[in-house]
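A.B. asks: Requesting a structural model of the entry that follows:
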Amino acid sequence: MAGPAPTPILKDELDIVIPTIRNLDFLEMWRPFFEPYHLIIVQDGDPSKTIAVPKGFDYELYNRNDINRILGPKASCISFKDSACRCFGYMVSKKKYIYTIDDDCFVAKDPSGKDINALEQHIKNLLSPSTPFFFNTLYDPYRDGADFVRGYPFSLRHGTPTAVSHGLWMNIPDYDAPTQLVKPLERNTRYVDAVLTIPKGTLFPMCGMNLGFNRELIGPAMYFGLMGDGQPIGRYDDMWAGWCVKTGLPYIWHSKASNPFVNLKKEYKGIFWQEEIIPFFQSATLSKEATTVQQCYIELSKQVKESLGKVDPYFQKLADAMVTWIEAWDELNPTTSNAESAVPNGAAK
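C.D. replies: Now for the predicted structure:
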């Protein structure tokens, strides 16, 4: 007789955050992997629309009315009509870890045809150290069958805590609009069985559609900015957060290619601005007096206003929103004892 099923890893320590404007039928294919976990669904767009969630999932759902009710005037820092609204889910969660996924992302298969449990791989990544200070030519030295190679400093082999686990995508690549237009039929069919650490000092374009992170470690810095309705830019929300927090495997199946012409309208200013944004982040430094994530983020917001505010007034508005975000985060996440902070999420009302 079979024994009881093993408890899923981090079942009570991880929330799955999903931004959406549609019924979440896609959860059926993820049921074997997601059903044990708590979902935080952030509904974008028309709050009067009913979002259908398959039965059996434990979830709470927030729409724009809920966001306005909970945050009051500070709700201005949460984007509208853009997937950047997902960061509200990060704010209301009380768990140590977050996994976020888009509703057009399906279960991918490995070369043997087996379904890939992307969440499980993210959890493994987050629970394993990273090696940002010295590159290991066997990639992840903590993986079964690998180790540190000859010449790797023993003083660095303990690694550092992993803050972000960045997954990839089969099928539709995460291209910008000009590349989409030039390569409309291109698909990613390459499955690379590897996990590696992005080196210290190296920036990368973070994508929020298949992403895990340690909320306890960097949560206040995972702000996806001001995007979408009323803003001059879109589709840079996740990259902005990635550039702010950046001081593999696993794959999902990205099913739907977004409209490149719509994307170009959202991105065109960002395509120019990123040539100023990236050098800014490459040279940004923080003072030794900033000892918490919140303090670091406030310092960064001042530098954004001073340096990038000269590029466009939007960045002055964004810098103010960064401060508002931290104020709202601290209001919903006051410093408490470990026992109090372990209280599970409640349902949205």
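A.B. asks: The residue lying closest to Leu138 once chain neighbours are set aside: what's it in contact with?
C.D. replies: Spatial nearest neighbour of Leu138, excluding adjacent residues (Cβ to Cβ, 6 or more residues apart in numbering): Ala146 at 4.7 Å. Just so you know, the C-beta spots here come from the backbone N, C-alpha and C atoms, and that holds for glycine as well. Going by Cβ atoms under 8 Å, 6 or more residues apart in numbering, Ala146 touches Leu138, Tyr139, Asp140.
A.B. asks: PyMOL command for the buried members of the residues you listed?
C.D. replies: One line in PyMOL is enough to select the buried members of these, burial here meaning 16 or more other Cβ atoms under 10 Å:
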select buried, resi 139+140
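A.B. asks: Return the helix or strand in this structure with minimum mean pLDDT.
C.D. replies: The helix or strand of the chain with the poorest confidence is helix 338-341; it has a mean of 41 (mean pLDDT, DSSP states H and E).
A.B. asks: coming back round to it: which SS state does the residue nearest to Leu138 fall under?
C.D. replies: coil (DSSP: H, G, I helix; E, B strand; the rest coil).
A.B. asks: could you measure it against Thr131, distance?
C.D. replies: In this view, Ala146 and Thr131 are 12 Å apart by Cβ to Cβ, to the nearest Å.
A.B. asks: just checking, what packs against the longest helix seen in the chain?
C.D. replies: In the chain, assigned by DSSP state H, the helix with the most residues is helix 260-283. With contacts defined as 3 or more Cβ pairs under 8 Å, 6 or more residues apart in numbering; DSSP states H and E, the packing partners of helix 260-283 are helix 177-182, helix 237-245, helix 293-307.
A.B. asks: Double-check that Thr100 belongs to a strand.
C.D. replies: Yes: assessed with three-state DSSP, Thr100 lies in a strand.
A.B. asks: Wait, a strand at Phe213?
C.D. replies: Yes: counting by three-state DSSP, Phe213 is located in a strand.
A.B. asks: OK, contacts around Asp102?
C.D. replies: Asp102 makes contact with Ile18, Pro19, Ser83, Gly208, Met209, Asn210, His254 under the criterion Cβ under 8 Å, 6+ apart.
A.B. asks: err, Gly228, not the other one
C.D. replies: Counted by Cβ under 8 Å, 6+ apart, Gly228 has contacts Ser79, Phe80, Lys81, Asp82, Ala84, Cys85, Gly234.
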